[in-house]
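Asker: sequence first, predicted model second:
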Amino acid sequence: MEKLTGLKKIKTAVFISGTGSNLKNLIKFAKFKKSPISINLIISNIKAKGLNYADQFGIKKKIFSFKNIKTSEKNILILIKKEKINFICLAGFMKILSKDFIKKFNGKIINIHPSLLPKYKGLNTHERAIKDKNKFTGCTVHYVSSKLDSGKIILQRKIKITSKDSPTSLAKKVLKQEHKFYPAAIMKIFN
Ligand code: GAR
């Protein structure tokens, strides 16, 4: 990934599908002078709750249904080019991007996943970690490759699972760490 030159921040799009707590956190991070990125676009596949942050912070937002993946991705690429976006952060985005799309943005899409990858790719990570009696879980920030949750790992945070943990309590605990480690991973990439 290129180093930052001067004071220009890298125009970034965040893709979401849910509550957008990571999005909100990234928006706040991006406002710091030290942040290498600015958040200029928010994309979702549904009317996600997190889209409210677009209005709150005055950031452009757009929904693409992904009913036809090809059409949606084609239109996303047009918008991204128009907005001069050069980096994409997936933050709870629940659609799988096509190989073609990833290739066009090679090395410039990152994702946060609520497990210690390569363990528990896909959904219901907390339920699976508890069911398997794991002592630890965590979160992983990684580059997006054409294989689900399999790209090069940028940063990983280990979190203890206690006997009292439920999938809900664990999700809460992990999310709190995600908010620390997503910005940290971005700093690691660009510095
Ligand atoms: C986060 O826990 C994120 O790691 C997860 O969805 C949640 C989104 O929360 N992502 C995935 O499971 C992707 N495979 P948020 O909408 O509050 O940021």
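Answerer: Yep, it's here.
Asker: what comes up buried for the helix-or-strand element of the chain with minimal mean pLDDT?
Answerer: Least confident helix or strand of the chain, by mean pLDDT, DSSP states H and E, is helix 99-104 with a mean of 96. The neighbour-count check on helix 99-104 (16 or more other Cβ atoms under 10 Å) flags 101-102 as buried. From N, CA and C alone the C-beta is placed, and that goes for glycine too.
Asker: and stretch 58-78, by the same measure?
Answerer: Result for stretch 58-78 [16+ other Cβ under 10 Å]: buried residues 59, 61, 64, 66, 69, 72-73, 76.
Asker: give me the residues contacting the least confident helix or strand of the chain.
Answerer: Helix 99-104 is contacted from outside by 73, 76-77, 109, 144-146, using Cβ atoms under 8 Å, 6 or more residues apart in numbering.
Asker: phi first, then psi, for the closest residue to Ser145 other than its chain neighbours.
Answerer: In space, and not counting its chain neighbours, Ser145 is closest to Gly151: 3.6 Å by Cβ to Cβ, 6 or more residues apart in numbering. Backbone geometry at Gly151, expressed as degrees, to the nearest 10, gives phi -70, psi 170.
Asker: against Gly107, how distant is Gly151?
Answerer: Counting by Cβ to Cβ, to the nearest Å, the separation of Gly151 from Gly107 is 9 Å.
Asker: which residues do those two both contact?
Answerer: Common contact partners of Gly151 and Gly107 (Cβ under 8 Å, 6+ apart): Tyr143.
Asker: for these two, indicate the residue with more neighbours.
Answerer: Gly151 (19 against 15; other Cβ atoms under 10 Å).
Asker: my read is that Glu73 contacts Ser98, right?
Answerer: Yes. Between Glu73 and Ser98 a contact is recorded at 5.9 Å, counting by Cβ atoms under 8 Å.
Asker: done for today, thanks.
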